[in-house]
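> got a predicted model here, sequence first, then my questions.
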Amino acid sequence: MSQSDGPFDAIVIGAGMSGLAAGIRLAMYDRRVLILERHYLWGGLNSFYKRRGRLHDVGLHALTNFAPKGRRGVPLTKLLRQLRLRHADLALGEQSFSEIAFPTERLRFSNEFELLMSEIERAFPGQVDGFRALTAEVMGYDSFSPPDPAQLARPVLERHLSEPLLVEMLMLPMCYYGSAIPGDIAWYQFAILFKSFFDEGFARPAGGIRPLLDLLVKRYRELGGELRMKTGVAEILEEGGRAVGVRTDSGEELRAGQVYSSAGYAPTLGLCGRGDEVEPDDRGRLSFNETVIVTDRPPLEYPGQADAPGAGAAIVFFNDSDTFHYRPPTEDGPPRTWPIDTRSGVICSPNHYAAADPLTEGVMRFTALSDPSFWDAFDDEAAYAAAKRASSEALLDSAARFAPDPRPFEVDRDAFTPRTITHFTGHPLGAVYGAPNKRLDGRTPVEELFLIGTDQGLLGVVGAMLSGISMANRHGLMSQASS
């Protein structure tokens, strides 16, 4: 770490998962760290909010990368060791099972790889050898230091699998849970997600995302880190090609030896006055609508739907044809009836995770690809609310073919759009997974300014925290140790 000429060794932009983890890691080694967050709640893409007396998660369908206590060599274990947290601190409840659902076939999987393997043998007996070869390649691949980060996943899958339907079924969950690339996903990210889904698994922290976030904030503050909420960054200060601090929205200048930004590559360069250096693939354009339905009973108690397709699943990834389309709705075929693509999506229920405190109400979340430009154009809030409602209904109509329909038992509903994501995260166009072009080393054209989070390249809740940890280790701790 460079010698600071101000009161802080490091300033971290954003109190999301990556920012909090980077802050903890640096503060563990007596660095003077300041985290700045524009909003009044921490968490970023994985936060929480209260509406009509109910606490809702934002973004959390599942904590991927689940591993039981003591399992070695997996991301969750590394994360706990790096942050000096106990496995029990996370209070994780494992999923029941999840499904990939297409009209002609469904594949069930759980936190035991053998279930998915048996499903492949049942549904695609001629693809077993190819799937085993694909699995072996994934397991032997160094996803965190990939030799070929530009390699896309589809060609690799098609090299191993001759059945197009199986290729589409494997692409669906990986794209929805991590891809910033229309129509495909980077091979190294596919490998990360394949391992985190099928070799490790899904879990949910007891009480949702808030207890986990509060645990991280408490840990950070115990280590002496400073956290300022409702303090946005207007400019990253640069002298001689080196980041030296930030100017806040209020005009306060704060100096530091390093700056870590979770704002994304293009927005970060914009804060430096270098927006003209941004290329098209440095800007993300994939975003989502999500609807949350609260019901008066858990989904498995819906009358007549206990045996419906998808009943009891923690997550259902669905697609309504044999071909999966993963692009912004306006870029894929003729204009749609709705500004969302209802042909595919994700259905999630937190009721279907093991928990010491089971939910008494039902909760189901529905997610689909969305057109950010449509939602950004509204200046009439009543019209915006009506469009959200209509789009939610269209998505629920489509999803009801693949999982129980919660609407007959609905007691509350909320929805968000790409506009909501932009407002609370600063990501232009509500690009949840950032830009297609990732910076795995975290470097930017400005010395001592580093990326963490989505545009650095790791995925999911655990991946976001490991992004912050790995960049703090590489640029803040190891660099000083070697200097």
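Cool, got the structure.
> so which residues of the stretch 1-150 of the chain form strands?
Using DSSP state E, counting those that start in this stretch, the strands of the stretch 1-150 of the chain run over 8-13, 33-36, 48-51, 54-57, 92-94, 98-102, 105-109.
> mean neighbour count, distance to R84 and mean pLDDT for these - can I get that in CSV?
Yep, even glycine has a C-beta here, placed from its N, CA and C like the rest. CSV is the format used below for the strands of the stretch 1-150 of the chain (neighbours: other CB atoms under 10 Å; distance: least, CB to CB, whole Å; pLDDT from 0 to 100):
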stretch, mean neighbour count, distance to R84, mean pLDDT
strand 8-13, 26, 19, 98
strand 33-36, 26, 16, 98
strand 48-51, 14, 24, 70
strand 54-57, 17, 25, 72
strand 92-94, 21, 18, 95
strand 98-102, 24, 31, 98
strand 105-109, 19, 32, 98
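> out of those, nearest to A186?
Relative to A186, the nearest member of these by CB to CB is strand 98-102, separated by 20.0 Å.
> report all helices and strands that that closest one contacts.
Applying 3 or more CB pairs under 8 Å, 6 or more residues apart in numbering; DSSP states H and E, one finds that strand 98-102 contacts strand 105-109, helix 164-176, strand 315-319.
> what's near enough to touch A10?
Counting by CB atoms under 8 Å, 6 or more residues apart in numbering, A10 touches 1, 22-23, 26, 31-34, 256-260, 472, 476.
> same check on T425?
Residues in contact with T425, defined by CB under 8 Å, 6+ apart, are 16, 44-45.
> most neighbours of all the residues you listed, which one?
Tallying neighbours with other CB atoms under 10 Å puts G16 at the head of the contacts of T425, with 30 neighbours.
> gap between the nearest residue to that one once chain neighbours are set aside and G345?
Computed as CB to CB, 6 or more residues apart in numbering, the closest residue to G16 that is not its neighbour in sequence is G44, at 2.5 Å. From G44 over to G345 the distance is 23 Å, taken as CB to CB, to the nearest Å.
> check which residues of the helix or strand containing I293 are buried.
Per DSSP states H and E: I293 is located in strand 287-295. Neighbour counts using 16 or more other CB atoms under 10 Å place 287-295 of strand 287-295 among the buried residues.
> where does the stretch 1-150 of the chain dip in pLDDT?
Applying pLDDT under 70 to the stretch 1-150 of the chain picks out residues 1-6, 49-50, 55, 60.
> show me where it has helices.
Remark: helices assigned in the stretch 1-150 of the chain by DSSP state H, counting those that start in this stretch are 17-27, 75-83, 87-90, 113-123, 128-139.
> other SSEs contacting the shortest one?
Same thing as helix 87-90. The contact analysis (3+ CB pairs under 8 Å, 6+ apart) places helix 87-90 against helix 209-222.
> right, and the helix or strand after the helix it packs on?
Downstream of helix 209-222, the first helix or strand assigned by DSSP H and E is strand 226-228.
> for that next one, which strands pair with it and how are they oriented?
Partner strands and pairing direction for strand 226-228 (DSSP bridges) are strand 33-36 (parallel).
> buried deepest among the helices and strands packed on strand 98-102, which one?
Each of these was scored by mean neighbour count; the highest is strand 315-319, a mean of 25, by mean count of other CB atoms under 10 Å.
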